[in-house]
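Novice: What follows is a predicted protein model with its sequence.
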Amino acid sequence: MNIQTLREAIFKRGIEEGFGDMELHYESNKKFSCSVFEGEVDDYAIAVDGGLALRGLYEGKMGYSFTERVDETSIDTLIAGAKMNAQMIDSSETEEIFEGSPLYERPDFFSDDLSKIKADDKTELLLKLEKEALSLDPRVKQVNYCMLEEYESETMLFNTKGLAKVEKTNNMVVYASIVVQENEDIKSAFKLLIKRDFKKFDYEVLARQLVEEALSYLGATSVESGSYQVVLKNTAAAEILQAFAGVFSAENVHKGRSLLKNKLGEAIAAPIVRIVDNPHLKEGVRSASFDSEGVATRRNVIVEDGLLKSFLHNLKTARKDGVEPTGNGYKSSYKGIITIAPTNFYIKAGANSYEDMIQSMEHGIIITQLQGLHSGTNAVSGDFSLAADGYYVKAGVIEKPLNQITVAGNFYQLLKDIIAIGDDIEFAIPSSSYTGSPSLKISSLAIAGENKSK
Amino acid sequence: MLDRKLVEELISVALSTGGDFAEVFVEDKLSTNIRLIGGSVENSISGRDFGIGIRIFKNLRSIYAYTNQHTRDALVKVTLEAAQALKASGISKDIDLRREEPVNLHRIMKRPNNVVFTEKLDLLRRAYEAAKGYSNEISQVYVTYFDEDQKVLVANSEGTFVEDERIRTRFSIESIASKDNEMQTGRVAPGKASGFEFYDEIDVAEYAKEASRMAVTMLHADLCPSGKIPVVIDNRFGGVIFHEACGHGLEASSVARKSSVFADKIGEQVASEVVTAIDDGTIPNAWGSANIDDEGTRTQKNILIENGILKGYMIDRLNARRMEMDITGSSRRQSYKFAPTSRMTNTFIAAGKSTPEEIIANTEFGLFAKEMGGGSVNPATGDFNFAVMEGYLIKNGQITTPVRGATLIGNGPNILKKIDMVGNNLGYGQGMCGASSGSIPTDVGQPTLRVQEITVGGRREE
């Protein structure tokens, strides 16, 4: 049974069973991945998969169901599931099925060239990367991860109000991690690159960056606990923004999970801070022309000159606040429910180079890597306490590498304590959103390490 | 789930290009997720995951393919494509599978799919009322009900053909306490590999009150101190320290490549003598248990560390080849979308001799970490971290004022030697563990124990 026939059959059965508006969401994916270890391709994977989801109004409540067994059995699974789930709902705030936006951007987030790259060329790239990294310095012990993943995804959204949208995207990810060793001292560094153009993966540059970073951590020590001026390097700053991006969701504001309630128009960050959500970014991993409810996406300014300009909305929250939907309706996949998430979300670049920000630091710390972001951050209170690596800076010069330290603070305070913004925007490993930041200089954060000498 | 003759054909096709081992994994899973926010049920979703994973080995090389297309033609096509990636040649041989019946150690009394939905709703509402009613500082409550029924079939070229069913149930309550412009949270999430009878054993209202108690306590807590201090970690979810500091480093996925600080250390003293650590996938109905692992091997109890001496690793089929050691029934995956690898099941530090009271009384100054969050580790360096959600200062052998959450960090091999007191009150906590083969349910566990010195990532200068 093809998807068109199935769609008709499901909508027909839904109407017979008493459903009102209904929506079908179909996703089909193709994936390729490979990895190399010690000169051999040791892992190789291919996949073709997908799933079908139904969202429908039954007695005024929205029921959800999904199935990965896409055939005639889907009809029963989906209708019975959505009906049972609709009956669970007792919230008075109902979701709606969307009739469509007047206009959709028509950007292209699919590269034909990328989809034609041969498997051998991909494994070859990894083999060269591993070899190059091992050749750069005798202290490079191993490349413990050297992998590539390529995916193609097609999303279709159909509803009984006549909306029919299709979008296709693809991307390629290269991830590598190296281990260096000097005597008993072991350090590591990793990097992830995401591109839609195979030619832009430069294995030589990547290997050099990895080796330089890992070697720079050798001999790292802890530092005396206390408050320090801190430069959060771009990817570390992006990871913090990603962990707390939820505070900008109107849903979290309505549900009392965000301290930004009633703060629209107010200063929530230093005046130099500008935050944007841009779903049309050319190389953006979360670029799309429509969101999970079928609403046309658009560029949204969230913070301008430190002032909170807008929250991120789906249809339900926009209606409640009496504003236009921002195109941030989000479903993690066909298995998800509609929530809200940013798309490509970032702090806009400033005028300072990373080097200048360090040179102007009398006594402070650079944080380059953070660990435990899923556990050491509390998105409700804004508190964070994270394991970190970095460098100690004295009189504008990097004096020594640091590890076994933590950096702690509160996200809401951090936004206000940004005193300089770099020109070096980078993005963190994508999650539900693709989050970026330049390096940020923060006036003060708590660092824990060695006890203060008495 | 999939006809045996078709599975035999797929394995035969998989080996047609020179592979020396092939495996077929079929998964069919039903799940339900219901969420109540602030007194009303806002979301409810249920669905069916279904797919097939095919794995082929040749020496140390592994090829994995998965799909949820399930017709014979589609499956043969994807299997052939995977086999061709080996670029070797071979002759296909006939495969003869023997059905095995696993011994079921995890009895299910009430299958969640047979429970009328009003019973699930009653649980959600009861938990909400208890959490909300705890204090007028509780400003919001999220309650989530979850159950899943996963059927798996594993077959391989060594003749294995085995099916199993795993039913899991979990309930989570998150309370938010507010005053002025501040909010703090408390969360509990008990779970078990059992059916709806779980709710005959536990009272969700008690757990709900506990979540609210944490949130209110933290709302009135001081900032946590920073620096290296003694820490007493409470039992149950406190076991996350071993899970991060050592457990991941004992998984063959990093040991086989010698990218773990614990590689080549069998027989050596890696922890203080009071530490014995075990991974046991056979504990009846425990959150991380199953009859068979995701390679079809019966789960077992693995002694990892005994009186401080490293005894063993957790080893899957592929890494067993690289390590030339036996498999340990520890190979797991989130779903058919992941190739399995060695992972933890229910991992815990065994009970010691001290009472929790003695441990506190013997600590002049330090942090009492009562409730823990998750953590992570870099197995290559052994550097780990985990979060404390609820802490208290210990002064003169007594638990005193509450302090806010903070992350604790350390280096695995180093910290294991600094555990100097182990309590007699072993308990378990449930978590989801994320790694290369996806997110899987695992239990962590331990009695109350003391670490002589660990870096506490607080914000207050002592």
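Specialist: Perfect, I can see it now. Residues are numbered from 1 along each chain as shown, chains lettered A, B, ... in the order given.

Novice: The helix or strand residue B:143 falls within: partners in the sheet, and parallel or antiparallel?
Specialist: Residue B:143 belongs to strand B:138-156 when assigned by DSSP states H and E. According to DSSP bridges, strand B:138-156 forms sheet pairs with strand B:21-37 (antiparallel), strand B:160-179 (antiparallel).

Novice: Now mean neighbour count and mean pLDDT too, for these, in TSV please.
Specialist: Placement of C-beta: from N, CA and C, glycine included. Converted to TSV, these look like this (neighbours: other CB atoms under 10 Å in any protein chain shown; pLDDT from 0 to 100):
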stretch	mean neighbour count	mean pLDDT
strand B:21-37	22	97
strand B:160-179	22	97
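
Novice: Just tell me which of those strands ends up closest to residue A:219.
Specialist: strand B:160-179 (42.6 Å; CB to CB).

Novice: Beyond that closest one, next helix or strand please.
Specialist: Next helix or strand after strand B:160-179 toward the C-terminus (DSSP H and E): strand B:182-188.

Novice: Okay, now the sheet partners of the helix or strand just after that next one, with direction.
Specialist: Downstream of strand B:182-188, the first helix or strand assigned by DSSP H and E is strand B:191-192. Strand pairing for strand B:191-192, determined by DSSP bridges: strand B:160-179 (antiparallel).

Novice: Return the angle between stretch directions for the strand it pairs with and strand B:182-188.
Specialist: Interaxial angle, strand B:160-179 versus strand B:182-188 (axes from the mean of the first three to the mean of the last three CA atoms, to 10 degrees): 150 degrees.

Novice: what's the pLDDT at the residue of chain A found nearest chain B?
Specialist: Residue of chain A nearest chain B, by CB to the nearest CB: residue A:406 (2.7 Å). At residue A:406, the pLDDT value in this model is 97.

Novice: how near is it to residue B:441?
Specialist: According to CB to CB, to the nearest Å, residue A:406 and residue B:441 sit 28 Å apart.

Novice: of the two, who's got more company?
Specialist: residue A:406 (30 against 24; other CB atoms under 10 Å in any protein chain shown).

Novice: contacting residues for that one?
Specialist: Applying CB atoms under 8 Å, 6 or more residues apart in numbering or on different chains to residue A:406 gives the contacts A:385-388, A:447-449, B:226, B:385, B:406-407, B:409, B:455-457.

Novice: same check, this time on residue A:412
Specialist: Residues in contact with residue A:412 (CB under 8 Å, 6+ apart) are A:247, A:259, A:268, A:382.

Novice: how would you label the second one: helix, strand or coil?
Specialist: In the three-state summary, residue A:259 is assigned as coil, counting by DSSP: H, G, I helix; E, B strand; the rest coil.

Novice: check the contacts of residue A:412 against chain B, which are close?
Specialist: Near chain B, taking CB under 8 Å from any CB of the partner chain as the test, the members of the contacts of residue A:412 found are residue A:259.

Novice: Can you lay out the contacts of residue A:412 as JSON lines showing secondary structure and pLDDT?
Specialist: Below are these laid out as JSON lines (DSSP: H, G, I helix; E, B strand; the rest coil; pLDDT from 0 to 100):
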{"residue": "A:247", "secondary structure": "helix", "pLDDT": "98"}
{"residue": "A:259", "secondary structure": "coil", "pLDDT": "97"}
{"residue": "A:268", "secondary structure": "coil", "pLDDT": "98"}
{"residue": "A:382", "secondary structure": "coil", "pLDDT": "97"}
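
Novice: In the contacts of residue A:412, find the pair that's most separated.
Specialist: A:268 and A:382 (11.2 Å).

Novice: Domain-wise, how is chain B divided?
Specialist: B:4-30+B:46-100, B:112-151+B:164-219, B:226-457 (automatic domain parsing).

Novice: Residue A:203 is nearest to which of those?
Specialist: domain B:226-457 (20.6 Å).

Novice: low-confidence ranges in chain B?
Specialist: Per-residue confidence for chain B (pLDDT under 70) gives these ranges: B:462.

Novice: which stretches of it form helices?
Specialist: Here chain B has its helices, by DSSP state H, at B:4-14, B:72-84, B:117-132, B:198-201, B:204-219, B:240-245, B:252-255, B:317-323, B:356-361, B:412-416.

Novice: CA-only coordinates of the longest helix along chain A in PDB, if you can.
Specialist: Counting residues, the longest helix found in chain A (DSSP H) is helix A:119-136. The C-alpha coordinates for helix A:119-136 follow below in PDB (Å, rounded to 0.1, in the frame of the first residue of the first chain):
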ATOM      1  CA  ALA A 119      31.000   5.000  -0.200                       C
ATOM      2  CA  ASP A 120      34.700   4.500  -1.000                       C
ATOM      3  CA  ASP A 121      35.300   8.200  -1.100                       C
ATOM      4  CA  LYS A 122      33.800   8.500   2.300                       C
ATOM      5  CA  THR A 123      35.900   5.700   3.900                       C
ATOM      6  CA  GLU A 124      38.900   7.100   2.100                       C
ATOM      7  CA  LEU A 125      38.400  10.500   3.800                       C
ATOM      8  CA  LEU A 126      38.400   8.800   7.200                       C
ATOM      9  CA  LEU A 127      41.400   6.700   6.500                       C
ATOM     10  CA  LYS A 128      43.300   9.800   5.500                       C
ATOM     11  CA  LEU A 129      42.100  11.700   8.500                       C
ATOM     12  CA  GLU A 130      43.300   9.000  10.900                       C
ATOM     13  CA  LYS A 131      46.600   8.600   9.200                       C
ATOM     14  CA  GLU A 132      47.200  12.300   9.100                       C
ATOM     15  CA  ALA A 133      46.400  12.700  12.800                       C
ATOM     16  CA  LEU A 134      48.700   9.900  13.800                       C
ATOM     17  CA  SER A 135      51.500  11.300  11.700                       C
ATOM     18  CA  LEU A 136      51.500  14.800  13.200                       C
END
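
Novice: Next, the buried residues of whichever strand or helix holds residue A:20.
Specialist: Residue A:20 belongs to strand A:19-37 when assigned by DSSP H and E. For strand A:19-37, a neighbour-count test (16 or more other CB atoms under 10 Å in any protein chain shown) marks A:19, A:21-37 as buried.

Novice: Check stretch B:342-362 too.
Specialist: For stretch B:342-362, burial by neighbour count (16+ other CB under 10 Å) applies to B:342-352, B:354, B:356, B:358-360.

Novice: do stretch A:69-84 as well
Specialist: Buried residues in stretch A:69-84, counted by 16+ other CB under 10 Å: A:69-70, A:74-75, A:77-79, A:81-84.

Novice: Helices of the stretch 201-350 of chain A, start to end?
Specialist: For the stretch 201-350 of chain A, applying DSSP state H, counting those that start in this stretch gives helices covering A:203-216, A:234-244, A:250-254, A:315-321.

Novice: Could you dump those helices into TSV and include distance to chain B, mean pLDDT and mean neighbour count?
Specialist: Formatted as TSV, these follow (distance: least, CB to the nearest CB, whole Å; pLDDT from 0 to 100; neighbours: other CB atoms under 10 Å in any protein chain shown):
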stretch	distance to chain B	mean pLDDT	mean neighbour count
helix A:203-216	10	98	18
helix A:234-244	12	98	24
helix A:250-254	10	98	23
helix A:315-321	10	97	19
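
Novice: And these: which comes nearest residue B:320?
Specialist: helix A:203-216 (29.7 Å).

Novice: Alpha carbons of that closest one, as CSV, please.
Specialist: Output of helix A:203-216 as CSV, limited to C-alpha atoms (Å, rounded to 0.1, in the frame of the first residue of the first chain):
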residue,chain,number,x,y,z
TYR,A,203,41.0,16.3,6.7
GLU,A,204,44.4,18.0,7.0
VAL,A,205,43.0,21.0,8.8
LEU,A,206,40.8,18.8,11.0
ALA,A,207,43.7,16.6,12.0
ARG,A,208,45.9,19.6,12.8
GLN,A,209,43.2,21.2,15.0
LEU,A,210,42.6,18.0,16.9
VAL,A,211,46.2,17.3,17.5
GLU,A,212,47.0,20.9,18.5
GLU,A,213,44.1,21.0,20.9
ALA,A,214,44.8,17.7,22.6
LEU,A,215,48.5,18.4,23.0
SER,A,216,47.7,21.8,24.5
